[in-house]
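Student: turn this into a structure:
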Amino acid sequence: MCRWAAYLGPQLYLEDVIASPCHSLIAQSHDAHEAKTRTNGDGFGVAWYGERPEPGLYRDILPAWSDQNLKSLSRQIRSHLFLAHVRASTGGSTSRTNCHPFVSGQWSFMHNGQIGHFDRLRRGLEAKLDDALYVQKLGSTDSELIFLLMLQHGLDKDPAQSLVETVNVITAEAERAGVPPFIRLTAAFSDGT
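Tutor: Coordinates of the predicted model:
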């Protein structure tokens with residue numbers, strides 16, 4: 001499973017959370033001692049908020065521990081709010097479009113977990129997206145689809161309720177498809193405030 005860190009507080013350099021501490025996110029991506037998957041090498045990403053309403057975004061398929069650009073950026077970028085994610089894929093290819101966080105407008109989102117039987121549910125869940133959201137879908141992960149479904153169900157108006165409605169839609173689709181509903185989900189998402 002993936003690992004992630006989120007920060008909200010006084011501005012600090014990203015490296016103070018994701019790179020410098022001995023148990024930083026980057027260190028854990030290379031050798032996580034308390035996890036089923038000790039290595040998270042299927043890509044990484046970071047979204048941060050600065051002077052503009054939409055977040056900055058940097059994602060790549062390299063392992064976080066070997067990406068010199070990530071180390072350099074994290075030494076220079078200060079933010080009051082950021083999301084960082086290292087990926088250990090449970091589905092979907094290793095590609096930049098499948099790396100978290102995902103962004104849309106002012107929103108950023110990352111997820112750890114999975115939708116059980118996603119291969120059986122994916123088409124029905126994608127069909128529930130309006131065209132304007134469907135065209136934003138670039139990758140093939142259940143995580144990105146959860147984010148888009150949250151946007152579909154009112155993330156701008158009521159973030160908590162949009163997550164509840166999204167889980168209900170996934171559960172209903174599993175029942176319709178005749179598979180047991182199974183969702184593992186921890187997530188962080190923000191509009192910059």
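Student: only C-alpha atoms for contact and neighbour calcs from this point on.
Tutor: Will do.
Student: what mean pLDDT does the one helix or strand residue 17 maps to have?
Tutor: Using DSSP states H and E, residue 17 sits within helix 15-18. Helix 15-18 carries an average pLDDT of 90.
Student: which strands and helices lie in contact with that helix?
Tutor: With contacts defined as 3 or more CA pairs under 8 Å, 6 or more residues apart in numbering; DSSP states H and E, helix 15-18 has these neighbours: helix 25-30, helix 68-76.
Student: which of those has the lowest mean pLDDT?
Tutor: Among these, helix 25-30 scores lowest, at a mean of 65.
Student: list the contacts of residue 177.
Tutor: Contacts were defined as CA atoms under 8 Å, 6 or more residues apart in numbering; by that measure residue 177 touches 120, 121.
Student: ok, now with 10 Å
Tutor: Neighbour list for residue 177: 117, 120, 121, 124, 171 [criterion: CA atoms under 10 Å, 6 or more residues apart in numbering].
Student: residue 184 - how many residues pack around it?
Tutor: 11 (other CA atoms under 10 Å).
Student: that one and residue 117 touch, don't they?
Tutor: No - judged on CA atoms under 10 Å, residue 184 makes no contact with residue 117 at a distance of 11.7 Å.
Student: residues touching the closest residue to residue 76 other than its chain neighbours, list them.
Tutor: Nearest in space to residue 76, with sequence neighbours left out and distances taken as CA to CA, 6 or more residues apart in numbering, is residue 13 at 6.7 Å. Residues in contact with residue 13, defined by CA under 10 Å, 6+ apart, are 19, 20, 73, 74, 75, 76, 77, 78, 79, 80.
Student: quick check: residue 13 vs residue 114, distance?
Tutor: 31 Å (CA to CA, to the nearest Å).
Student: quick one: secondary structure of residue 45?
Tutor: strand (DSSP: H, G, I helix; E, B strand; the rest coil).
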